[in-house]
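K.L.:
Build me a structure from this.
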Amino acid sequence: MVCMLMLAALLAGCVTTTDSRFAREADRDEAVDNYVRLATAYLSKGNYDRARNHLDRALELDSSDAAALATKGLLYQAEGEPELAEEAYEKALRSDSGYTRGRVFYGAFLYNNQRYEEAREQFRVASRDTGYEDRASVFYNLGRTNERLGNLEAAAGDYERAVELRRGDSRALLALSRVLADAGDWSMASRYYSRLSQIIQRSPQLRHTPESLLVGVRIARHFGDYNRESSLALLLRNEYPNSEEYRQYKALIADDNG
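P.N.:
Reported below is the predicted structural model:
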């Protein structure tokens, strides 16, 4: 009977200890997440000292936390420390190769440093994560990278995937229209550009950019739709007279007239 009581007490003690350990780990994980969220908020406001302070606290609790390490990479990048930023990104992915957000951060870092082949690989791996909440943006970034590498067919496929994942994405629709026009697929370019135009017309928050107007001018010009071309060209001249796109339009006219 005494042995049974001792065994029961021992088991109870083990359960209590285990529950306590799990509780402590859960509390630690929650604290780390909170510190990272606060750091991200301060980083977005340009308050780098506060961001660093919260990230240091997070890493004191868990030195291998992928989110904290990746956010530290963003901080270093914002401060103009590319070597430290890359080291932090790589450390984050070594800690958790499945941390897609960190991989996207790293891909954007590589893209901004014109390391397009490496950036494409990071975005390609990230695009396979079907559970990632912003997968459309991953495909958009993959398309931008392939476009930089001169692979227009792959870029068009990436942009189309982004449009499928987030219908009504004006950014991806414009990129897809532009790449299809560059590749000479004018019919598909016109189709997607029409969708873009409808979205802009329906949304008071959206307006044409110099790029979207120039793409529209090129498409209208190809199909001989001179009324549409004139309308878009007039907007481009009136709204963005000092833009590079308006200079390109004037050069386009000059070449045709010459």
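
K.L.:
any idea which element the closest residue to Tyr193 other than its chain neighbours lies in?
P.N.:
In this structure, Tyr193 finds its nearest non-sequential neighbour in Ser177, 4.2 Å apart by Cβ to Cβ, 6 or more residues apart in numbering. Yep, even glycine has a C-beta here, placed from its N, CA and C like the rest. Using DSSP states H and E, Ser177 falls within helix 170-182.

K.L.:
List the buried residues for the next helix or strand after that helix?
P.N.:
Counting by DSSP H and E, the next helix or strand C-terminal to helix 170-182 is helix 186-202. By neighbour count on 16 or more other Cβ atoms under 10 Å, the buried set for helix 186-202 is Met188, Ala189, Ser190, Tyr192, Tyr193, Arg195, Leu196, Ser197, Ile199, Ile200.

K.L.:
who touches the next helix-or-strand element following helix 186-202?
P.N.:
Taking DSSP H and E as the definition, the helix or strand that follows helix 186-202 towards the C-terminus is helix 210-222. Outside helix 210-222, the residues within contact range by Cβ atoms under 8 Å, 6 or more residues apart in numbering are 174, 177-178, 181, 186, 189-190, 193, 196-197, 200, 208, 226, 228-229, 232-233, 235-236, 239-240, 243-246, 248-249, 252.

K.L.:
Which of the residues you listed are buried? Put it as a ChimeraX command.
P.N.:
Buried residues among the contacts of helix 210-222 (16+ other Cβ under 10 Å), as a ChimeraX selection:
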select :174,177,178,181,189,190,193,196,197,200,208,228,229,232,233,235,236,240,243,245,246,248,249
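
K.L.:
which parts of stretch 73-91 are buried?
P.N.:
Within stretch 73-91, judged by 16+ other Cβ under 10 Å, the buried ones are Gly73, Leu74, Leu75, Tyr76, Gln77, Ala85, Glu86, Ala88, Tyr89, Lys91.

K.L.:
Can I get the host helix or strand of the last one in CSV, CA atoms only?
P.N.:
Spelled out, that is Lys91. Assigned by DSSP H and E, Lys91 falls within helix 82-95. As requested, C-alpha coordinates have been extracted for helix 82-95 and formatted as CSV (Å, rounded to 0.1, in the frame of the first residue of the first chain):
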residue,chain,number,x,y,z
PRO,A,82,24.1,44.1,-45.8
GLU,A,83,26.6,41.6,-44.5
LEU,A,84,25.0,41.4,-41.1
ALA,A,85,21.5,41.2,-42.7
GLU,A,86,22.5,38.3,-44.9
GLU,A,87,24.0,36.5,-41.9
ALA,A,88,20.8,36.9,-40.0
TYR,A,89,18.6,35.7,-42.9
GLU,A,90,20.8,32.6,-43.4
LYS,A,91,20.8,31.9,-39.7
ALA,A,92,17.0,32.1,-39.6
LEU,A,93,16.7,29.6,-42.5
ARG,A,94,19.2,27.3,-40.9
SER,A,95,17.1,27.3,-37.8
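
K.L.:
Could you check how far that helix is from the centre of its chain?
P.N.:
Computed by Cα atoms, centre = their mean, to the nearest Å, the chain-centroid distance of helix 82-95 equals 18 Å.

K.L.:
per-residue pLDDT, the closest residue to Tyr159 other than its chain neighbours?
P.N.:
Distances taken as Cβ to Cβ, 6+ apart put Leu176 closest to Tyr159, at 3.8 Å, once the chain neighbours are dropped. Leu176 is assigned 98 on the pLDDT scale.

K.L.:
correct me, but Leu176 touches Arg161?
P.N.:
No: in this structure, Leu176 is not within contact of Arg161 by Cβ atoms under 8 Å, at 9.8 Å.

K.L.:
Show me which of these two is the more surrounded one.
P.N.:
More neighbours surround Leu176 than the other of Leu176 and Arg161, with 29 against 20 (other Cβ atoms under 10 Å).

K.L.:
Contacts only, for the more buried one.
P.N.:
Contacts of Leu176 by Cβ under 8 Å, 6+ apart are Gly143, Ala156, Tyr159, Glu160, Ala162, Val163, Tyr192.

K.L.:
How about Phe123?
P.N.:
Val104, Gly107, Val138, Asn141, Leu142, Thr145.
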